[in-house]
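Visitor: quick check, what structure comes out for this input:
(2 chains)
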Amino acid sequence: MSAGHWRGATNLVDTNRIARFGALYAAEYRIRNMLKWWQAIVAFGIGNPLLYLTSIGIGVGSLIDKNTNGSGPDGVKYLAFIAPALLATAALQGTMEEVTFPVVHGFDWRKVFFAMHAAGLTGKQVAQGVIISAITRSIFTVSVYWVILWAFDAFSSMSALWLIPVEIYFGTCFASVMMAVSAYLKEDDGWFAIIGRFVVAPMFLFSGTFYSLSTLPLTIRWVGWISPLWHATEIGRYFSYNHPIPSTMLLVHFGYMTALCVAGLLIANRKFALRLAA
Amino acid sequence: MPVPDWTTVSRLAFVPNPETQPPMIVAQNLTKVYGDFTAVAGIDFTVARGESFGLLGPNGAGKSTTMRMITATLQRSGGDLTILGKDPDKFGPQIRAHLGVVPQADNLDTELKVHEKLYIYGRYFGLSRKYLAKKIEELLAFAQLEDKRNSKVDQLSGGMKRRLTIARALVNEPEVLLLDEPTTGLDPQARHVLWDRLFRLKEQGVTLVITTHYMDEAEQLCDRLIVMDQGKIMAEGSPASLIAQYSSPEVVEVRFGSDRNVAVAEKISHLGDRMDVLPDRILIYAQDGEAALAEIIALGEHPVTSLVRRSSLEDVFLRLTGRTLVD
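Guide: Modelled structure (predicted):
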C-alpha cells in the first residue's frame, strides 16, 4: 500500500449509504456463508419432501384413502390434505435453521456480528440481515417443495401457487421469533436440542399436520392454536383445496403470525443492539 | 480544551501535524463502571493525527475497556469523549465506519476464504466491488497472505490470522487504526513480522492506537503512551521520557536463590539509585550497571546469575505500581 493511494475513510466511506443499505450488507455476508453449504441445503430441500411424500403421502395415504374411499380428513385425498402442512413445516424449519445456529455463531462462536458492528452496522441492521438471509433460504426451500408436491399431484388448483408467498411469509414470522430467542442464548448449551424436542416436535405433532386439529380433545387442542405451524397449515389448506375458513379466522391466522413477526423483530433488534454494545 | 471542528479541516493525509490538525480522539474524565466495579476511573488523553499512541498496562488495567469506548462500541458511564470530532453516543455508526478495529480475539468467519473475508468486510462499509477488487490485492500483499488467498481461517497460523484481521481493518482506509493486544499469543517470529507491518503503517502516517502489556511492543511502536493500572493513568509520555523520568539508565538483575535474595539485598542496599526485591531476583537501578555489579562481587557476594541491561518500560511500571506487567 502506498501513501499516494490512501484517500482516507472520511472520503471513501459514505455513512448515509451504510445507514440505508446496512441490512443488505449484513445479508450479503450471511448468504455467502450459507452458500458454502449449498449442497446440504439442496440435498435437504429435495430429499426431505421426497422422503415424506413417499412414506407418509403415498404409504400412509394409500392406506387412509383405501379406508375412506379417497375422501380422508377434510374430504380430500390424504396427500392433498398433508401437502400444505408439509410445505408449512418445511418453510418454518428452513428459516429456523438460518436464525438459530447462525445467531449463536455470530455472537459467541466466531463473534462475527461484533466485526460487523465495529464496521459501522447497527444491531438492528445485523438482525435484519439475518432475517433477509433466512427469507432467501425460504424462497428456495418452499419453491422446490412446492414443485415436488405439484409433481406428486398434491394440488387440485393453481390457486395453490399462493402457498409459495404465504408460507414464505409465515416462515419469516416464525423465524423472527426464533431469532429473538436465539439472541438471548449465551451459548448453545443444548438449548436448540431442547427447543427441537419440546417446542418444534410437539408443534409438528399437534398442529393438525397429519389429521384435523378438531379430532383432538380440547385439553390438548390449544397446543395447535398457539402453534405457528397450525396457522400456516390452515392457511395453506385454504389456498390449496379451498379448505373452508371463516373470514374472521383468516384474519386471526394472518394477525397472529404478523403479531409474532413484529414482536420477534422488535425483541431481536433490541437484544442484538444490547449485546453488541455490552 | 476546545475541540476544533474536525470535519472542516482540510485533509493532508500522511503529513501529520498535531499543531494544525485537530486531535483524532479526545477523552476527558472518561469513566466506565460495571455495577460496583470501576473499570476505567476518569482518564484524560488525546491522540493526534499521525501519532502512534499506546495504552500499556497489565491484564485488568482497563485498557481493553478504554479501547472499546474509543472504538465507539461500548458506551461510557461518564466523562467526555470525542472521536473524529464526534460524540460516539450520538454518532456511533458514523464514527465506526471511519475507524479500523483489530479486536483482541480474531473474530474471523470460518467458512469464507481469505479474499472473501476481505471482500465482505469491505462490503459492510458499502465499498464498491470495483474498489474492493483492487484493494484486496493490495491488502493481501501488505499482509503477506497472497499465497493464502483461497485458504480458510483454520488453515492459517496465529500470526497469519492477526495479519488478516489487520488487513481487514485497513479495507476502508481508516482514519485511526485501533489494535487491542495485537501480538498476544504469538511466537517471537510472528510478533516481529507483525511489528514490521505496523511500523510500515506508522511510517505512512496512519494514526495507530495500540493496547499492550508487552513493554517491548510499546517501545517499538508507540510515539507516546499512557501507563494504566486499575483503571487509572499512572504516567504519560514517550517511552524514552518515561524511562528517563521513572527509572535509571541501566538495571542490574541478580539472583542469589530465593532463600538468600532478601538477606543479600540488605547487604547491598546502598548500591545504585534504587532497588526492588522480587521473589526470584533483585533489581538494582543504576547509572552504570557494570560498576554496580562489580561492587556486589567486591562485597563478596557471588550471584547465581547476573544481567546488566538498559532500563525499560517494565521497570517504569514496577516503579509506578510495585508490580510487574506480566504476572
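Visitor: so who does B:Pro88 touch?
Guide: For B:Pro88, the contact set (Cβ atoms under 8 Å, 6 or more residues apart in numbering or on different chains) comprises B:Met69, B:Ile70, B:Ala72, B:Gln75, B:Arg76, B:Leu81, B:Ile95. (C-beta placed from N, C-alpha, C; glycine too.)
Visitor: nearest to B:Asp44, of the residues you listed?
Guide: If you rank these by distance to B:Asp44 using Cβ to Cβ, B:Leu81 comes first, at 10.6 Å.
Visitor: for chain B, what spans make up the helices?
Guide: Along chain B, the stretches classed as helices by DSSP state H are B:63-70, B:88-96, B:114-124, B:129-142, B:158-169, B:188-203, B:215-221, B:239-246, B:261-267, B:289-298, B:313-321.
Visitor: take those helices and lay them out in a markdown table including mean pLDDT.
Guide: As requested, the helices of chain B are arranged in a markdown table below (pLDDT from 0 to 100):
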| stretch | mean pLDDT |
| --- | --- |
| helix B:63-70 | 95 |
| helix B:88-96 | 96 |
| helix B:114-124 | 97 |
| helix B:129-142 | 95 |
| helix B:158-169 | 93 |
| helix B:188-203 | 88 |
| helix B:215-221 | 88 |
| helix B:239-246 | 92 |
| helix B:261-267 | 90 |
| helix B:289-298 | 94 |
| helix B:313-321 | 88 |
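Visitor: out of these, nearest to A:Lys66?
Guide: Among the helices of chain B, the nearest to A:Lys66 by Cβ to Cβ is helix B:114-124 (54.6 Å).
Visitor: which helices and strands sit right next to the closest one?
Guide: Judged by 3 or more Cβ pairs under 8 Å, 6 or more residues apart in numbering or on different chains; DSSP states H and E, the packing partners of helix B:114-124 are helix A:15-35, helix A:112-118, helix B:129-142, helix B:158-169.
Visitor: now check the third one, is it near chain A?
Guide: Yes. On the criterion Cβ under 8 Å from any Cβ of the partner chain, helix B:129-142 is in touch with chain A at B:Tyr131, B:Glu138, B:Leu139, B:Ala141, B:Phe142.
Visitor: now B:Ser256: how far from B:Glu301?
Guide: Rather than Ser, residue B:256 is Phe. For B:Phe256, the distance to B:Glu301 (Cβ to Cβ, to the nearest Å) stands at 7 Å.
Visitor: and B:Glu236, how many residues sit next to it?
Guide: 15 (other Cβ atoms under 10 Å in any protein chain shown).
Visitor: that one contacts B:Ile43, correct?
Guide: No. Judged on Cβ atoms under 8 Å, B:Glu236 makes no contact with B:Ile43 at a distance of 9.7 Å.
Visitor: hey, what's in contact with both of those two?
Guide: In contact with both B:Glu236 and B:Ile43: B:Ile226, using Cβ under 8 Å, 6+ apart.
Visitor: what's the burial count for the residue in the stretch 201-327 of chain B that chain A sits nearest to?
Guide: Residue nearest to chain A within the stretch 201-327 of chain B: B:Gln204 (4.8 Å; Cβ to the nearest Cβ). For B:Gln204, the count of nearby residues is 15 (other Cβ under 10 Å).
Visitor: and for A:Ile131?
Guide: Using other Cβ under 10 Å, A:Ile131 has 24 neighbouring residues.
Visitor: just give the closest residue to whichever residue of the stretch 1-150 of chain B sits closest to chain A, not the sequence neighbours.
Guide: The stretch 1-150 of chain B approaches chain A most closely through B:Ala97 (3.4 Å), counting by Cβ to the nearest Cβ. Leaving aside its sequence neighbours, B:Ala97 sits nearest to A:Gly120 (Cβ to Cβ, 6 or more residues apart in numbering or on different chains; 3.4 Å).
Visitor: that neighbour: what's it in contact with?
Guide: A:Gly120 sits in contact with A:Val13, A:Thr15, A:Ile18, A:Gly22, B:Pro93, B:Gln94, B:Arg96, B:Ala97, B:Tyr124, B:Phe125, where contact means Cβ under 8 Å, 6+ apart.
Visitor: could you redo the last one with a cut-off of 10 Å?
Guide: By Cβ atoms under 10 Å, 6 or more residues apart in numbering or on different chains, the residues touching A:Gly120 are A:9, A:13, A:15, A:18-19, A:22, A:25, B:72, B:92-99, B:124-126, B:172.
Visitor: can you report phi and psi for it?
Guide: phi 120, psi 0 (degrees, to the nearest 10).
Visitor: same deal with A:Gly190?
Guide: Per-residue torsions, A:Gly190: phi 80, psi 0 (degrees, to the nearest 10).
Visitor: enumerate every residue touching it.
Guide: Shown in contact with A:Gly190 (Cβ under 10 Å, 6+ apart): A:Gly196.
Visitor: same question for B:Leu156.
Guide: Contacts for B:Leu156 (Cβ under 10 Å, 6+ apart) come out as B:Asp106, B:Leu108, B:Val114, B:Leu145, B:Lys148, B:Arg162, B:Arg163, B:Leu164.
Visitor: if we go to 7 Å?
Guide: Applying Cβ atoms under 7 Å, 6 or more residues apart in numbering or on different chains to B:Leu156 gives the contacts B:Lys148, B:Leu164.
Visitor: can you tell me how far it is from B:Asp109?
Guide: Per Cβ to Cβ, B:Leu156 is found 12 Å from B:Asp109.
Visitor: circling back: just name the most buried of the helices and strands packed on helix B:114-124.
Guide: Highest mean neighbour count of the helices and strands packed on helix B:114-124: helix A:112-118, a mean of 25 (counted as mean count of other Cβ atoms under 10 Å in any protein chain shown).
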